[in-house]
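S.K.: Return atomic coordinates for the entry below.
(3 chains)
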Amino acid sequence: MSQTQTPPVVLVDGSSYLFRAFHALPPLTTSKGQPTGAIKGVISMIRRLDQDFPGSKVVVVFDAKGKTFRHELYEEYKAHRPPMPEDLATQIAPIHEIIRAMGLPLLIVPNVEADDVIGTLACEATAKGVDVVISTGDKDMAQLVSDHVTLVNTMTETTMDREGVKEKFGIGPEQIVDYLALVGDKVDNIPGVEKCGPKTAVKWLQSYENLDKLVEHADEIKGKIGDNLRAASEILPLSRELATIKVDVELEFGITDVQPDEPDREKLLAMFKELEFKTWVDELSRQEGVVDVSSEESTPETPEKHYSTVTDKAEFDEWVERLKKADIFAFDTETTSLNYSTAEVVGVSFAIEPGEAAYVPFGHDYMGAPEQLEPNYVLGQLKPLLEDSSQKKVGQNLKYDKNVLANHGISLEGITEDTMLESYVLNSTASRHDMDSLALKYLGEATISFESIAGKGAKQLTFNQISLEQAGPYAAEDADITLRLHRTLRPKLAAEPKLDSVYQNIDLPLVPVLSHMEQRGVMLDSATLRRHSQELAIRMAELEQAAHEEAGEPFNLGSPKQLQAIFYEKLGLPVIKKTPKGAPSTAEPVLQELAHEYKLPHLILEHRSLSKLKSTYTDRLPEMVSPRTGRVHTSYHQAVAATGRLSSSEPNLQNIPIRTEEGRRIRQAFIAPEGYKLVAADYSQIELRIMAHLSGDKSLLKAFAEGKDIHRATAAEVFDTPVEDVTGEQRRSAKAINFGLIYGMSAFGLSRQLGVERKVAQEYIDLYFHRYPGVADYMDNIRKLAHDQGYVETLFGRRLYLPEINARNKQMQQAAERTAINAPMQGTAADIIKRAMVTVENWLLDSHAEEARMVMQVHDELILEVKESAIDKVIAGLTERMSKAAELDVPLLVEAGVGDNWDEAH
DNA sequence: AGGGTCAG
DNA sequence: CTGACCCT
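M.R.: Reported below is the predicted structural model:
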């Protein structure tokens, strides 16, 4: 390997990093919803090159849009590539802009792929005696490696020279093209040899050196794969050509023509600010000559860090004294398990000032663990502080901490701030609100990952098994980051009065309410469910046998893949619909259709629905009963649904069956303890009522004011019939129309729902809007508003950003428009029931603590356990409070029922 | 429209 | 990860 004195030229394959950064990094967005993960990834990679190759000329190359010579060579080239995700497409222009502002040459050559530009420049540079480093994430580039060309993957920090290629692939750089031709490429749609993977290709090339010689001796290859090779011999030259990176493209410039420029610091600063890349903003601001005039809010500096692990009594006591005096402190628990109902606290961490935090371990019990403070002492000292509601705390998802502390007899009060909720209210569309994502997004800091200290997979340690050396900094960091996030996020909320009110008056007060409901759990009749399971098993076995006879062979009824084979290959049933990937669908509506003419689909349908009931409910629910309490404890998630709704998991209590008789039997297993009944109260037609209120449509308001059956009233209007003459069929159609409106449904969707022609569905919609012009206006306005401001709001001011509302892709744009219509209704309903929950919980705790408690929420329904003697009183108070949770131009009707089980209560 | 879970 | 299916 020859050494030159001059530093190498670095050619950057920008496009390859673009895709890798997009998929590998957490989906960052700005507080306004602009996705930035790929930008951050690509730019930080490019910035690193300056350190890795000081003094080198860095040239960045991107693919241009449009076709290339490979498309002309082979029209199927990249034919099956899905369109670029919108979230990625919007990040390309900013990346280009930043690279230019950094002063780096940016090459985008029309009709030439980045690979070929790089190949050509690399060839030219080496001819001039300059060494080349190609920075890429794409292994195909290995074909360019030579004595003067090295590959480096800056994201994974690996380099590959000639020897490296041999090590990695088992063959030399000159053989890579032949290798690629043999293997083919599914994504780019390059044909290869059927069933020939990397192993086979390498084996062949090691024996025959290259493709030509291999094809010459193709008859020596035995077996099916030999046949495949001979069958492919015609197209292999084409594959080879497609896989070959060009080194002789006609470019209008040479490697010496491209020169770096001075960086435009003002421009960079503006862009980094816009994209909310705090650390880079800080870094630039500190550099001389750049005065940050546009800054209204100071970006948080990364403080010096002083984290301590406290095992000394005096030191701990001192911390407690400081906590008592603090106006607010950040707080976090470390526990043995993520499951709050079984988790035990093994340590707690605190922070009062940024950069300074302490971890107090008391339950680490691995071999050789240092002596720690007594759990009883630590928790005993902290208890008065934690239970003092005037002592303010901030945390990340404090509901969890409240739940686990309850296992130690501590009732956490004073939850005055929660960073997870701050982030959620600021931008519910941001896909994740966990601490690690928030730290990266708002503080520009990567946190210690749990995996890095606990390991992963089966060998993952629980927190009590992690050494104090590792656990200390991790836990202290959690408290520190939480405090600093709060200091960053809270002012952002305060600047938006409506969002601030949603946070303070709706989501924060709900935290203890949800915590109580989770801890209470709900009672389950496990014995009945188990019996039900056995019955289902018998019925399923019968169905399975019948299906096998019908199909003429045994197969797995639960496998859509095997089913496709039987249906469409063996039995030749007509294909009605295909899955997104092009395979014939066996989805429910398809089978429903086929069931008219064939017996097998009917059997499958019944088997499927029973199998779902059994695996998800009758088998699983009894397993979820806590041995400690004998009840099931769900988790409610407050920062998952973009619209403001809650979600529920482990188990999901918000999707317990109700549609079929068989399903309702599962609801019958949700029961109340001795002396109690279940009361279920739900808002009647809440979303349509909200639509009436928001749109102000006269007819709709009137219908609700008069307490009419809304679907019947709609049918009378749309079909121009007197109310008393509306048929069942007409009412059913009207109901589908009403649902469609809530979902922002199109004529297409409605036609499918109703099973009528699209034209007919459009007529219904036109008629509806004609009869309810206020609704039509409202829909137009909300769509326009969404396009103009990029977000929509609920009645209470909860905001939902719609990043795809102005997407170039029409389908995405239309989906965003449907969300724009649905979100204010769904979200306002969520706000209303959350408000009701807070009021109802406080009322019950104040005056009916022994008689009634809320145990479940299912979007528009609250389920309570109520002592038999108090039922009338509680129902009256409950329905009144739910009705008054919002003041709308329509009455909020609440319907309540009582029963020994959830099914009966309806 | 928004969710969660299961089996393959 | 996908397809299917349970809920409001």
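
S.K.: only C-alpha atoms for contact and neighbour calcs from this point on.
M.R.: Will do.

S.K.: Contacts only, for the nearest residue to A:Leu229 once chain neighbours are set aside.
M.R.: For A:Leu229, ignoring the flanking residues on the chain, the nearest one in space by Cα to Cα, 6 or more residues apart in numbering is A:Val193 at 5.6 Å. With contact set as Cα atoms under 8 Å, 6 or more residues apart in numbering, A:Val193 has these partners: A:182-184, A:228-229, A:232, A:236.

S.K.: Strands - which of those residues land there?
M.R.: Among the contacts of A:Val193, DSSP state E puts none in strands.

S.K.: need those in TSV with pLDDT, distance to A:Arg490 and neighbour count, can you?
M.R.: Formatted as TSV, the contacts of A:Val193 follow (pLDDT from 0 to 100; distance: Cα to Cα, whole Å; neighbours: other Cα atoms under 10 Å):
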residue	pLDDT	distance to A:Arg490	neighbour count
A:Leu182	85	57	31
A:Val183	85	54	23
A:Gly184	82	53	24
A:Asn228	82	64	17
A:Leu229	79	64	22
A:Ala232	83	63	18
A:Leu236	79	61	24
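
S.K.: So which of those residues belong to helices?
M.R.: Applying DSSP state H to these, the entries found in helices are A:182-183, A:228-229, A:232, A:236.

S.K.: Which member of those is positioned nearest DNA strand C?
M.R.: A:Val183 (21.7 Å; Cα to the nearest atom of the strand).

S.K.: before we move on, back to that, same list as before, the ones in helices among the contacts of A:Val193 that is, but in a markdown table and with distance to DNA strand C included.
M.R.: Shown next, in a markdown table, are these (distance: Cα to the nearest atom of the strand, whole Å):
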| residue | distance to DNA strand C |
| --- | --- |
| A:Leu182 | 25 |
| A:Val183 | 22 |
| A:Asn228 | 27 |
| A:Leu229 | 29 |
| A:Ala232 | 28 |
| A:Leu236 | 29 |
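
S.K.: For A:Val898, state which of those residues is nearest.
M.R.: Closest approach to A:Val898 among those (Cα to Cα): A:Val183, at 65.7 Å.

S.K.: pretty sure that closest one is in contact with A:Gly197, am I right?
M.R.: Yes. Using Cα atoms under 8 Å, A:Val183 is in contact with A:Gly197, at 5.4 Å.

S.K.: Next, A:Val760: secondary structure please.
M.R.: The local conformation at A:Val760, judged by DSSP: H, G, I helix; E, B strand; the rest coil, is helix.

S.K.: List just the nearest of the contacts of A:Val193 to A:Glu542.
M.R.: The closest of the contacts of A:Val193, once distances to A:Glu542 are taken by Cα to Cα, is A:Asn228, at 43.4 Å.

S.K.: Against A:Ile235, how distant is that closest one?
M.R.: 12 Å (Cα to Cα, to the nearest Å).

S.K.: any common contacting residues for the two?
M.R.: Counting by Cα under 8 Å, 6+ apart, nothing touches both A:Asn228 and A:Ile235.

S.K.: Quick check: which helices or strands does the helix or strand where A:Ala330 lies pack against?
M.R.: Using DSSP states H and E, A:Ala330 sits within strand A:328-335. The elements that strand A:328-335 packs onto, with contact taken as 3 or more Cα pairs under 8 Å, 6 or more residues apart in numbering; DSSP states H and E, are strand A:345-353, strand A:392-395, helix A:398-406, helix A:468-494.

S.K.: Let's have the ones you listed in a markdown table, adding distance to DNA strand B and mean neighbour count.
M.R.: As requested, the helices and strands packed on strand A:328-335 are exported to a markdown table (distance: least, Cα to the nearest atom of the strand, whole Å; neighbours: other Cα atoms under 10 Å):
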| stretch | distance to DNA strand B | mean neighbour count |
| --- | --- | --- |
| strand A:345-353 | 23 | 24 |
| strand A:392-395 | 21 | 25 |
| helix A:398-406 | 16 | 23 |
| helix A:468-494 | 21 | 22 |
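
S.K.: Among these, single out whichever gets nearest to DNA strand C.
M.R.: Short answer: helix A:398-406, nearest of the helices and strands packed on strand A:328-335 by Cα to the nearest atom of the strand, at 23.4 Å.

S.K.: Quick check: the residue nearest to A:Leu229 vs DNA strand B, distance?
M.R.: To DNA strand B, A:Val193 is 26 Å away according to Cα to the nearest atom of the strand, to the nearest Å.

S.K.: ok but that residue is inside a helix, no?
M.R.: No. Going by three-state DSSP, the assignment for A:Val193 is coil, not a helix.

S.K.: Reformat the helices and strands packed on strand A:328-335 as a markdown table; add mean pLDDT and distance to A:Ser626.
M.R.: Shown next, in a markdown table, are these (pLDDT from 0 to 100; distance: least, Cα to Cα, whole Å):
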| stretch | mean pLDDT | distance to A:Ser626 |
| --- | --- | --- |
| strand A:345-353 | 98 | 18 |
| strand A:392-395 | 98 | 27 |
| helix A:398-406 | 97 | 15 |
| helix A:468-494 | 97 | 28 |
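
S.K.: can you put those in TSV and add distance to A:Pro105?
M.R.: As requested, those are exported to TSV (distance: least, Cα to Cα, whole Å):
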stretch	distance to A:Pro105
strand A:345-353	44
strand A:392-395	46
helix A:398-406	49
helix A:468-494	36
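
S.K.: Tell me, how many residues neighbour the spatially closest residue to A:Lys195 that is not a sequence neighbour?
M.R.: Excluding its sequence neighbours, the residue lying closest to A:Lys195 (Cα to Cα, 6+ apart) is A:Ile225, at 6.9 Å. By other Cα atoms under 10 Å, the residues close to A:Ile225 number 15.

S.K.: Identify the residues contacting the helix or strand harbouring A:Ile225?
M.R.: Assessed by DSSP H and E, A:Ile225 sits inside helix A:223-232. The contact list for helix A:223-232 (Cα under 8 Å, 6+ apart) reads A:192-196, A:215, A:218-220.

S.K.: what do you get if the cut-off is 7 Å, keeping everything else the same?
M.R.: A:193-195, A:218 (Cα atoms under 7 Å, 6 or more residues apart in numbering).

S.K.: Ok, stretch A:425-440 next?
M.R.: A:26-27, A:29, A:31, A:33, A:396, A:420, A:423-424, A:445-447, A:481, A:485, A:493, A:499, A:503, A:639, A:642, A:798, A:800-801.

S.K.: which of those residues count as buried?
M.R.: Among those, those buried by neighbour count (16 or more other Cα atoms under 10 Å) are A:26-27, A:29, A:31, A:33, A:396, A:420, A:423-424, A:445, A:447, A:481, A:485, A:493, A:499, A:503, A:639, A:642, A:798, A:800-801.

S.K.: Okay, and which of the residues you listed map to helices?
M.R.: A:420, A:423-424, A:481, A:485, A:493, A:499.

S.K.: And the helices and strands packed on strand A:328-335: which comes nearest A:Asn901?
M.R.: It is, among the helices and strands packed on strand A:328-335 and with distance given as Cα to Cα, helix A:398-406, at 26.7 Å.

S.K.: which strands and helices sit next to the closest one?
M.R.: helix A:508-520 (3 or more Cα pairs under 7 Å, 6 or more residues apart in numbering; DSSP states H and E).

S.K.: report the angle between the axes of the helix it packs on and helix A:398-406?
M.R.: Counting by axes from the mean of the first three to the mean of the last three Cα atoms, to 10 degrees, helix A:508-520 lies at 40 degrees to helix A:398-406.

S.K.: touching DNA strand B at all, helix A:508-520?
M.R.: No. Under the criterion of Cα under 7 Å from any atom of the strand, DNA strand B is not reached by helix A:508-520; the shortest gap measures 13.8 Å.

S.K.: Great, nothing more from me.
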